[in-house]
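**Student:** Make a model of this:
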Amino acid sequence: MNTVYRVISMRRVVGKVCQLVARLSVTPPSWRVQLYKMLGVKFTESHSVWIGEDVYFDDGNPSLIRVGKWARITTGVKIFTHFFDSKFIPEKGRPYRFYEGEVAIGDYVFIGANVVIAKPVVIGDWSVIGANCVITKDVPPGAIMAGNPARQVGERGVGDRIE
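**Tutor:** Alright, predicted model coming up:
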(Lines give C-alpha, C1' and ligand atoms only; values in the text may rest on other atoms or scores of the structure.)
Protein backbone atom coordinates (compact mmCIF):
# COMPACT_ATOMS: atom_id res chain seq x y z
CA MET A 1 0.00 0.00 0.00
CA ASN A 2 1.25 3.48 -0.85
CA THR A 3 2.53 5.56 2.11
CA VAL A 4 0.14 8.42 1.30
CA TYR A 5 -2.86 6.08 1.50
CA ARG A 6 -1.59 4.63 4.80
CA VAL A 7 -1.35 8.13 6.30
CA ILE A 8 -4.85 9.03 5.04
CA SER A 9 -6.25 5.72 6.32
CA MET A 10 -4.62 6.16 9.72
CA ARG A 11 -5.91 9.74 10.00
CA ARG A 12 -9.40 8.48 9.15
CA VAL A 13 -9.21 5.74 11.82
CA VAL A 14 -7.97 8.22 14.46
CA GLY A 15 -10.79 10.58 13.43
CA LYS A 16 -13.41 7.85 13.83
CA VAL A 17 -12.10 6.99 17.30
CA CYS A 18 -12.15 10.67 18.35
CA GLN A 19 -15.70 11.00 16.99
CA LEU A 20 -16.84 7.85 18.81
CA VAL A 21 -15.41 8.88 22.19
CA ALA A 22 -16.71 12.47 21.84
CA ARG A 23 -20.27 11.27 21.16
CA LEU A 24 -20.46 9.14 24.33
CA SER A 25 -22.66 10.40 27.16
CA VAL A 26 -19.92 9.70 29.73
CA THR A 27 -17.46 12.04 28.01
CA PRO A 28 -17.33 15.48 29.70
CA PRO A 29 -18.31 18.41 27.42
CA SER A 30 -14.87 20.02 27.77
CA TRP A 31 -13.23 16.81 26.52
CA ARG A 32 -15.62 16.69 23.57
CA VAL A 33 -14.40 20.07 22.39
CA GLN A 34 -10.78 18.93 22.61
CA LEU A 35 -11.53 15.69 20.75
CA TYR A 36 -13.27 17.58 17.95
CA LYS A 37 -10.36 20.01 17.87
CA MET A 38 -8.03 17.02 17.38
CA LEU A 39 -10.33 15.87 14.60
CA GLY A 40 -9.76 19.20 12.81
CA VAL A 41 -12.77 21.35 13.74
CA LYS A 42 -11.71 25.00 14.21
CA PHE A 43 -12.72 26.81 17.40
CA THR A 44 -12.29 30.55 18.06
CA GLU A 45 -12.07 29.99 21.84
CA SER A 46 -12.40 26.30 22.54
CA HIS A 47 -12.52 26.77 26.34
CA SER A 48 -15.79 28.74 26.07
CA VAL A 49 -17.69 26.28 23.83
CA TRP A 50 -20.07 23.63 25.21
CA ILE A 51 -20.91 20.50 23.20
CA GLY A 52 -23.58 18.03 24.29
CA GLU A 53 -23.62 14.28 23.85
CA ASP A 54 -24.10 12.51 20.52
CA VAL A 55 -23.09 15.55 18.44
CA TYR A 56 -21.72 14.60 15.02
CA PHE A 57 -19.30 16.79 13.09
CA ASP A 58 -18.76 15.70 9.48
CA ASP A 59 -15.56 13.66 9.51
CA GLY A 60 -15.11 13.85 5.74
CA ASN A 61 -13.61 17.32 6.02
CA PRO A 62 -13.88 18.59 9.61
CA SER A 63 -11.49 21.48 8.94
CA LEU A 64 -14.37 23.14 7.05
CA ILE A 65 -16.29 23.60 10.34
CA ARG A 66 -15.65 26.77 12.35
CA VAL A 67 -17.24 27.37 15.77
CA GLY A 68 -17.25 30.80 17.44
CA LYS A 69 -16.81 31.64 21.09
CA TRP A 70 -19.47 30.80 23.69
CA ALA A 71 -21.39 28.58 21.26
CA ARG A 72 -23.72 25.97 22.77
CA ILE A 73 -24.31 22.88 20.64
CA THR A 74 -26.78 20.56 22.36
CA THR A 75 -27.58 16.85 22.18
CA GLY A 76 -27.92 15.08 18.86
CA VAL A 77 -26.83 17.90 16.53
CA LYS A 78 -25.44 16.79 13.15
CA ILE A 79 -23.23 19.15 11.13
CA PHE A 80 -22.36 18.25 7.54
CA THR A 81 -19.95 20.14 5.27
CA HIS A 82 -21.19 18.42 2.13
CA PHE A 83 -24.50 18.10 0.36
CA PHE A 84 -26.08 16.19 -2.48
CA ASP A 85 -26.80 18.13 -5.68
CA SER A 86 -30.45 17.21 -6.38
CA LYS A 87 -30.45 19.22 -9.64
CA PHE A 88 -27.60 17.19 -11.12
CA ILE A 89 -28.62 15.15 -14.17
CA PRO A 90 -26.98 11.72 -13.89
CA GLU A 91 -24.33 10.84 -16.42
CA LYS A 92 -22.96 7.48 -17.42
CA GLY A 93 -20.62 6.37 -14.64
CA ARG A 94 -21.57 9.37 -12.46
CA PRO A 95 -25.02 8.96 -10.91
CA TYR A 96 -24.51 11.57 -8.14
CA ARG A 97 -22.73 14.83 -7.45
CA PHE A 98 -21.78 16.23 -4.05
CA TYR A 99 -20.52 19.65 -3.07
CA GLU A 100 -18.71 20.68 0.06
CA GLY A 101 -18.14 23.97 1.79
CA GLU A 102 -17.59 25.68 5.12
CA VAL A 103 -20.04 25.67 8.01
CA ALA A 104 -19.39 28.75 10.15
CA ILE A 105 -21.13 28.99 13.53
CA GLY A 106 -20.89 32.49 14.99
CA ASP A 107 -20.26 33.71 18.51
CA TYR A 108 -22.90 33.23 21.26
CA VAL A 109 -24.99 30.87 19.11
CA PHE A 110 -27.35 28.35 20.71
CA ILE A 111 -28.18 25.23 18.67
CA GLY A 112 -31.03 23.12 20.10
CA ALA A 113 -31.36 19.34 20.26
CA ASN A 114 -31.35 17.22 17.11
CA VAL A 115 -30.67 20.08 14.69
CA VAL A 116 -29.27 19.07 11.29
CA ILE A 117 -27.05 21.51 9.42
CA ALA A 118 -27.07 19.99 5.96
CA LYS A 119 -25.31 22.46 3.69
CA PRO A 120 -22.41 24.87 3.88
CA VAL A 121 -23.88 27.85 5.76
CA VAL A 122 -23.03 30.78 8.00
CA ILE A 123 -24.94 30.97 11.29
CA GLY A 124 -24.77 34.58 12.50
CA ASP A 125 -23.69 35.71 15.97
CA TRP A 126 -26.30 35.54 18.77
CA SER A 127 -28.63 33.26 16.75
CA VAL A 128 -30.88 30.62 18.31
CA ILE A 129 -31.69 27.46 16.37
CA GLY A 130 -34.71 25.63 17.81
CA ALA A 131 -34.83 21.87 18.37
CA ASN A 132 -35.26 19.58 15.36
CA CYS A 133 -34.57 22.31 12.78
CA VAL A 134 -32.98 21.55 9.44
CA ILE A 135 -30.64 24.38 8.42
CA THR A 136 -29.86 24.63 4.70
CA LYS A 137 -29.49 28.42 4.32
CA ASP A 138 -27.51 31.16 6.06
CA VAL A 139 -28.95 32.39 9.37
CA PRO A 140 -28.79 36.15 10.02
CA PRO A 141 -27.27 37.45 13.27
CA GLY A 142 -29.70 37.41 16.19
CA ALA A 143 -32.31 35.32 14.35
CA ILE A 144 -34.51 32.78 16.11
CA MET A 145 -35.09 29.83 13.79
CA ALA A 146 -37.69 27.06 14.01
CA GLY A 147 -39.17 24.36 11.80
CA ASN A 148 -38.20 21.98 9.07
CA PRO A 149 -36.97 23.51 6.86
CA ALA A 150 -35.95 26.21 9.31
CA ARG A 151 -37.48 29.66 9.00
CA GLN A 152 -36.99 32.77 11.05
CA VAL A 153 -39.73 33.16 13.67
CA GLY A 154 -38.24 35.99 15.68
CA GLU A 155 -35.23 38.03 16.55
CA ARG A 156 -33.19 37.81 19.70
CA GLY A 157 -33.11 41.02 21.75
CA VAL A 158 -29.38 41.49 22.11
CA GLY A 159 -29.11 45.29 22.00
CA ASP A 160 -26.42 45.64 24.69
CA ARG A 161 -24.21 42.65 24.01
CA ILE A 162 -21.68 41.66 26.61
CA GLU A 163 -18.20 41.15 25.22
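**Student:** How about the contacts made by T136?
**Tutor:** When contacts are counted by CB atoms under 8 Å, 6 or more residues apart in numbering, T136 touches 83, 118-119, 121, 149-150. Backbone N, C-alpha and C define where each C-beta goes, glycine included.
**Student:** which of those count as buried?
**Tutor:** For the contacts of T136, a neighbour count by 16 or more other CB atoms under 10 Å gives the buried set as 118-119, 121, 150.
**Student:** Unless I misread the structure, V26 falls within a strand.
**Tutor:** No: read with DSSP: H, G, I helix; E, B strand; the rest coil, V26 is coil and lies in no strand.
**Student:** picking up where we left off before, just to be sure, which of the contacts of T136 are found in strands?
**Tutor:** Secondary structure from DSSP state E places F83 of the contacts of T136 in strands.
**Student:** and the closest residue to C133 other than its chain neighbours, how far is that from I144?
**Tutor:** Distances taken as CB to CB, 6 or more residues apart in numbering place A150 nearest to C133, at 4.1 Å, with adjacent residues excluded. A150 sits 10 Å away from I144, going by CB to CB, to the nearest Å.
**Student:** got the contact list for the residue nearest to C133?
**Tutor:** 129-130, 133-137, 139.
**Student:** same thing with K119?
**Tutor:** 80, 83, 101, 135-137.
**Student:** And the pLDDT at it?
**Tutor:** The model reports K119 with a pLDDT of 84.
**Student:** Distance of it relative to L35?
**Tutor:** Distance from K119 to L35, by CB to CB: 25 Å.
**Student:** what's the neighbour count on the closest residue to S63 other than its chain neighbours?
**Tutor:** The shortest distance from S63 to any non-neighbouring residue, by CB to CB, 6+ apart, is to G40 (4.3 Å). Counted with other CB atoms under 10 Å, residues neighbouring G40 total 16.
**Student:** wait, isn't G40 in contact with P62?
**Tutor:** Yes: with contact defined as CB atoms under 8 Å, G40 counts as touching P62 (3.9 Å).
**Student:** Return every residue with contacts to both of the two.
**Tutor:** With CB under 8 Å, 6+ apart, G40 and P62 have common neighbours G15.
**Student:** Tell me which residues touch R156, please.
**Tutor:** 126-128, 142-144 are the contacts of R156 under CB under 8 Å, 6+ apart.
**Student:** With K42 instead?
**Tutor:** By CB under 8 Å, 6+ apart, the neighbours of K42 are 63, 65-67.
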